[in-house]
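Asker: mind folding the following:
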Amino acid sequence: MGRFKVQEFLGVRLTAPDLEAAENFLTAFGLATVERTGNALYSRGTDAGICCHIVEKGDPSFIGAAFLVASRSDLEEAARMEGASGIDAVTEPGGGQRVSLRDPDGFRIDLVHGVSYLPALPVERHPVNSAFGRERQDGQFYRRPPGPSRVKRLGHFVISTPDVKRARGWYRETLGLLGTDDVYAGHEENIVATFSRLARGEEYVDHHVFMAHHGPEAALNHLGFEVQDYDDIFFGHYFMKEAGLQHRWGVGRHRLGSQVYNQWFDPWGRGYEHWTDTDVLNERYTLAMIPAAEALKSQWGDPPPVKLD
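Answerer: Below you'll find the model as predicted:
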């Protein structure tokens, strides 16, 4: 178990040379702009929370991720770790205080406490007539106009790394994440990918909040955002296709995590995923060892753009 248990995945921070192009992509993807300055763009989903996606102006890169901790004492503990920053006041939307760490691949991990959440945005839910019941009756027609998916929240981030075991150890031992699946090639000691989730006791959480897979260099693979439902995925798919954006992978259903997914590239080649219908687990679930041949295979859909070996 880690030095402390992070409570929530708050968001990610990237850089891009053109904030207008970044905003155009993120809006088409389904995020809402909260604020744009000359040097940064702050975006959110429809769920109550803080800005889950921050883009700073600069050469394209992935800076890192932010997690909520439970108390000021957790921040103080983090500040005593080797290489940690001091406790700083956050002057961006959401506020609070933070300590910045570096993971083994050099990505910045902000631990934050005392944030102020934005209220949820209204989202119209359309009644569904399925084999399990008829919610839409009395002449109610489904006539949703074309438009982007409606992103609820940021659910996970995925990195490639030359040393999967080192990354796995740091996130579990430092942040208190729990192992969900470790993926091996050939024999169980040859770990080529790992899925980890939040540790919230008896509470059920997403199958993973962090994934690392083997790659020649440390880099962002993709960011995974939950959308409203299956229908929302397809509305977003055809909206982004019509806008001429570059598709990456999907639509399909993952085997590990079970999400229905669809992935796109931003203007700088970074992966962005819409997903819905994840598996949820609590602390009673124990780590599973999965052979690589099974790990990224979709239950239905095209082969993955990443090979694990």
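Asker: going forward, measure contacts and count neighbours with C-alpha atoms only.
Answerer: Fine.
Asker: just give me the residue right at the centre of this protein.
Answerer: residue 156 (2.4 Å; C-alpha atoms, centre = their mean).
Asker: which residues does that one bridge with?
Answerer: residue 224 (DSSP bridges).
Asker: pretty sure residue 35 sits against residue 42.
Answerer: Yes - here residue 35 lies in contact with residue 42, judged by C-alpha atoms under 8 Å, at a distance of 5.2 Å.
Asker: and the two? Which one has more around it.
Answerer: A count of neighbours by other C-alpha atoms under 10 Å puts residue 42 above the other of residue 35 and residue 42, at 22 against 14.
Asker: give me the phi and psi angles of the more buried one.
Answerer: Main-chain dihedrals, residue 42, degrees, to the nearest 10: phi -120, psi 120.
Asker: and the helices in the chain?
Answerer: Ranges of helices in the chain, per DSSP state H, are 19-29, 72-79, 164-175, 230-242, 292-295.
Asker: and of these, who's closest to residue 92?
Answerer: helix 19-29 (16.6 Å; C-alpha to C-alpha).
Asker: can you pull out the residues in contact with the closest one?
Answerer: Residues outside helix 19-29 that contact it (C-alpha atoms under 8 Å, 6 or more residues apart in numbering) are 16, 32-33, 39-41, 55-57, 148-149, 151, 236, 239-240, 266-267.
Asker: let's see that with 10 Å instead.
Answerer: In this structure, residues lying in contact with helix 19-29 by C-alpha atoms under 10 Å, 6 or more residues apart in numbering are 15-16, 31-33, 36-44, 53, 55-58, 147-151, 225, 236-237, 239-240, 243, 245, 264-268, 272-274.
Asker: now the angle from that helix to helix 230-242?
Answerer: With axes from the mean of the first three to the mean of the last three C-alpha atoms, to 10 degrees as the basis, helix 19-29 and helix 230-242 are set at 140 degrees to each other.
Asker: offset the numbering so it begins at 19, please.
Answerer: Got it, the first residue is 19 from now on, which makes the last one we talked about helix 37-47.
Asker: for helix 37-47, buried residues please.
Answerer: Using 16 or more other C-alpha atoms under 10 Å as the test for burial, helix 37-47 gives 37, 40, 41, 43, 44, 45, 46, 47.
Asker: dump those residues into a markdown table; add distance to residue 225 and pLDDT as well.
Answerer: Compiled in a markdown table, the buried residues of helix 37-47 are given as follows (distance: C-alpha to C-alpha, whole Å; pLDDT from 0 to 100):
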| residue | distance to residue 225 | pLDDT |
| --- | --- | --- |
| 37 | 32 | 98 |
| 40 | 29 | 98 |
| 41 | 29 | 98 |
| 43 | 27 | 98 |
| 44 | 25 | 98 |
| 45 | 27 | 98 |
| 46 | 27 | 98 |
| 47 | 23 | 98 |
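Asker: what about the strands in the stretch 69-218 of the chain?
Answerer: 71-75, 79-86, 106-107, 115-120, 126-131, 147-148, 151-152, 169-179, 196-202, 209-215 (DSSP state E, counting those that start in this stretch).
Asker: follow-up on the earlier one: what about burial for the contacts of helix 37-47, which qualify?
Answerer: Counted by 16+ other C-alpha under 10 Å, those give 33-34, 49-51, 54, 58-62, 71, 73-75, 165-169, 243, 254-255, 257-258, 263, 282-285, 290-292 as buried.
Asker: pipe the strands of the stretch 69-218 of the chain into a markdown table and attach distance to residue 24 and mean pLDDT per row.
Answerer: Below are the strands of the stretch 69-218 of the chain laid out as a markdown table (distance: least, C-alpha to C-alpha, whole Å; pLDDT from 0 to 100):
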| stretch | distance to residue 24 | mean pLDDT |
| --- | --- | --- |
| strand 71-75 | 18 | 98 |
| strand 79-86 | 6 | 98 |
| strand 106-107 | 18 | 96 |
| strand 115-120 | 13 | 97 |
| strand 126-131 | 8 | 98 |
| strand 147-148 | 38 | 91 |
| strand 151-152 | 39 | 92 |
| strand 169-179 | 14 | 98 |
| strand 196-202 | 11 | 98 |
| strand 209-215 | 10 | 98 |
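Asker: on that earlier part again, give the intersection of the neighbour lists for residue 53 and residue 60.
Answerer: Residues touching both residue 53 and residue 60 (C-alpha under 10 Å, 6+ apart): 69, 72, 110, 111.
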